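[1] structure for the following, please:
(2 chains)
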Protein chains: 2
Amino acid sequence: METGGVSKLTLGRLPTYLSYLKSLSEDSLPNISAAAIAAALGLGEVQVRKDLAAVSDAGKPKVGYLVSDLIRDLEHFLGYGTQNSAVLVGVGNLGLALLSYTGFAEYGLDIVAAFDKNQALIGTPVDGTPILPADQLPDFCRTHGVQIGILTVPAEVAQSCCDTLVQGGVRAIWNFAPVHLVAPEGVLIQRENMASSLALLSYHLKGAK
Amino acid sequence: METGGVSKLTLGRLPTYLSYLKSLSEDSLPNISAAAIAAALGLGEVQVRKDLAAVSDAGKPKVGYLVSDLIRDLEHFLGYGTQNSAVLVGVGNLGLALLSYTGFAEYGLDIVAAFDKNQALIGTPVDGTPILPADQLPDFCRTHGVQIGILTVPAEVAQSCCDTLVQGGVRAIWNFAPVHLVAPEGVLIQRENMASSLALLSYHLKGAK
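    Okay, the predicted model is just below:
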């Protein structure tokens, strides 16, 4: 995937640096070295140094980074300052879990509505988010300028829901359904691939036996 | 991470090949080429060829792979044939979502019990899985030879729950809490890092503006 300047792997690690830096108490020293970050997160020092250099020029030899500057640069690079409207499609258990999760605002993600075809769910907001009928999805996205769609539907309807989101002008889709989706160029499909994680766990145990 | 022979990235892609091959209808041709798999999944042909060669020697020039053989080799390599007992810790919305998900059995994952410290949840099984008091966790793991722990607890208690799982003899931990965990050598921590996915979505939209 093209990510303009930094690799997808680097990009994937940046939120880890950010959450670690934010977890440091205010009593900590104002500065931190790439070596200290690497040690705390179990990563290679060279990798951390390279990742951070790609997003911030605030590092100084022998002094390291001013924590507050590095947090600011990471947030700016990741675009967390700008709020992105999102809709969630499929209000099952996973959908409910994501609607209840309060941590998304930190990443600039604002779930403005959820959609389901089950009439029984429509009308009762979940943690403040309205649940709307699935057939209103494309109109809602267009009217509200929604850019992100979160798919928590069963695999067999994921592609048609994806198509509907694209029709509504959505530019990035976070896919939790265990299926590969196809979308036009310019639309990012980010798959939350739990099967990959399970493979790593299973393979680790197999090796340990 | 050491994965004995194949890279973590290759390992992460294997379940995608497997689910794609399984999704092919019985009316499809019995053979498939690496090129066809690459095209269907939007991956590079060289990469697919290399990944598959690492797990199967069933590929033949001009003929490709017999789909059924490749499925068998992928499942064997990933260790899906052997059943792994797992416990889930933290029965919030995300925990409930995972307990209700029926797809784990396919990966050899058998969630035998869930644990929570909330007394109100104890005793009523969720989709057949018993919910037990958190203080029984290490004993239960030892007694039942549990190898996998799934952590769906808040970030602030994740490390202590991880320690408890390790005490109980668990060898692989699937961590959904947004925090970096530390465990002894030989214990795999697989983090389901939703923040990384969000970073990719946010960065994509920032570039598109």
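[2] for the lowest-mean-pLDDT helix or strand in chain A, packing partners?
    Ranking every helix and strand in chain A by mean pLDDT, DSSP states H and E puts helix A:194-208 at the bottom, with a mean of 74. Using 3 or more CB pairs under 8 Å, 6 or more residues apart in numbering or on different chains; DSSP states H and E as the contact test, the elements touching helix A:194-208 are helix B:8-23, helix B:67-78, strand B:84-89, strand B:109-116, strand B:172-175, strand B:188-191. Every residue, glycine included, has its C-beta placed from N, CA and C.
[3] next structured bit after the longest one?
    Scanning forward in sequence from helix B:8-23, with DSSP states H and E defining helices and strands, the next element found is strand B:31-32.
[4] give me the mean pLDDT for that following strand.
    Here strand B:31-32 scores 93 as its mean pLDDT.
[5] if we go by neighbour counts, what in the following helix or strand past it is buried?
    For strand B:31-32, the following helix or strand on the C-terminal side (DSSP H and E) is helix B:34-41. Of the residues in helix B:34-41, B:Ala34, B:Ile37, B:Ala38, B:Ala40, B:Leu41 count as buried by neighbour count, 16 or more other CB atoms under 10 Å in any protein chain shown.
[6] what does stretch A:158-168 give?
    Buried, per 16+ other CB under 10 Å, within stretch A:158-168: A:Ala158, A:Gln159, A:Cys161, A:Cys162, A:Thr164, A:Leu165, A:Val166, A:Gly168.
[7] got those residues as JSON lines, with pLDDT and distance to B:Pro154 columns?
    Shown next, in JSON lines, are the buried residues of stretch A:158-168 (pLDDT from 0 to 100; distance: CB to CB, whole Å):
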{"residue": "A:Ala158", "pLDDT": "92", "distance to B:Pro154": "29"}
{"residue": "A:Gln159", "pLDDT": "93", "distance to B:Pro154": "34"}
{"residue": "A:Cys161", "pLDDT": "97", "distance to B:Pro154": "30"}
{"residue": "A:Cys162", "pLDDT": "97", "distance to B:Pro154": "31"}
{"residue": "A:Thr164", "pLDDT": "97", "distance to B:Pro154": "34"}
{"residue": "A:Leu165", "pLDDT": "97", "distance to B:Pro154": "31"}
{"residue": "A:Val166", "pLDDT": "97", "distance to B:Pro154": "35"}
{"residue": "A:Gly168", "pLDDT": "96", "distance to B:Pro154": "34"}
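[8] next step: those restricted to helices.
    Among the buried residues of stretch A:158-168, the residues falling in helices (DSSP state H) are A:Ala158, A:Gln159, A:Cys161, A:Cys162, A:Thr164, A:Leu165, A:Val166.
[9] distance of the third one relative to A:Leu151?
    Going back to what we said before, that points to A:Cys161. 6 Å (CB to CB, to the nearest Å).
[10] in chain A, where is pLDDT below threshold?
    A:1-4, A:102-103, A:195, A:207-209 (pLDDT under 70).
[11] domain ranges for it, per the record?
    A:8-78, A:84-195 (automatic domain parsing).
[12] tell me the most buried of these?
    domain A:84-195 (a mean of 18; mean count of other CB atoms under 10 Å in any protein chain shown).
[13] measure stretch A:76-87 end to end?
    23 Å (CA to CA, to the nearest Å).
[14] quick one: contacts of it?
    A:14-15, A:18, A:55-56, A:75, A:106-115, A:137, A:140-141, A:144-150, A:165, A:170, A:174, B:199, B:201-203, B:205-206, B:209 (CB atoms under 8 Å, 6 or more residues apart in numbering or on different chains).
[15] just put the buried residues of helix B:34-41 in JSON lines and tack on distance to chain A.
    Below are these laid out as JSON lines (distance: CB to the nearest CB, whole Å):
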{"residue": "B:Ala34", "distance to chain A": "16"}
{"residue": "B:Ile37", "distance to chain A": "11"}
{"residue": "B:Ala38", "distance to chain A": "12"}
{"residue": "B:Ala40", "distance to chain A": "7"}
{"residue": "B:Leu41", "distance to chain A": "6"}
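[16] any idea which of these is closest to B:Pro61?
    Nearest to B:Pro61, judged by CB to CB, of these is B:Ala34 at 11.0 Å.
[17] touching both of A:Cys161 and A:Leu151, which residues are there?
    A:Val89, A:Gly90.
[18] you'd agree A:Ile189 is up against A:Val179?
    No. Applying CB atoms under 8 Å, one finds A:Ile189 not in contact with A:Val179, separated by 10.6 Å.
[19] that older thread, for the least confident helix or strand of chain A, buried residues please.
    A:194-206.
[20] and for A:Gly81, the neighbour number?
    11 (other CB atoms under 10 Å in any protein chain shown).
[21] just how off-centre is stretch A:167-187 within its chain?
    14 Å (CA atoms, centre = their mean, to the nearest Å).
[22] got the CA positions of that stretch in PDB?
    Extracted in PDB, the C-alpha atoms of stretch A:167-187 (Å, rounded to 0.1, in the frame of the first residue of the first chain):
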ATOM      1  CA  GLN A 167     -22.000   4.700  -3.100                       C
ATOM      2  CA  GLY A 168     -22.400   7.000  -0.200                       C
ATOM      3  CA  GLY A 169     -19.000   8.600  -0.700                       C
ATOM      4  CA  VAL A 170     -17.100   6.800   2.100                       C
ATOM      5  CA  ARG A 171     -13.300   6.800   1.400                       C
ATOM      6  CA  ALA A 172     -12.000   4.400   4.000                       C
ATOM      7  CA  ILE A 173     -13.500   1.200   5.300                       C
ATOM      8  CA  TRP A 174     -12.600  -0.700   8.400                       C
ATOM      9  CA  ASN A 175     -13.600  -4.300   7.800                       C
ATOM     10  CA  PHE A 176     -14.100  -6.700  10.700                       C
ATOM     11  CA  ALA A 177     -15.900  -9.300   8.500                       C
ATOM     12  CA  PRO A 178     -13.700 -12.300   7.800                       C
ATOM     13  CA  VAL A 179     -13.600 -11.700   4.100                       C
ATOM     14  CA  HIS A 180     -11.500  -9.900   1.400                       C
ATOM     15  CA  LEU A 181     -13.400  -6.900   0.000                       C
ATOM     16  CA  VAL A 182     -13.000  -5.200  -3.300                       C
ATOM     17  CA  ALA A 183     -13.400  -1.400  -3.700                       C
ATOM     18  CA  PRO A 184     -12.600   1.200  -6.300                       C
ATOM     19  CA  GLU A 185      -9.100   2.900  -6.300                       C
ATOM     20  CA  GLY A 186      -8.800   5.600  -3.800                       C
ATOM     21  CA  VAL A 187     -11.000   3.800  -1.200                       C
END
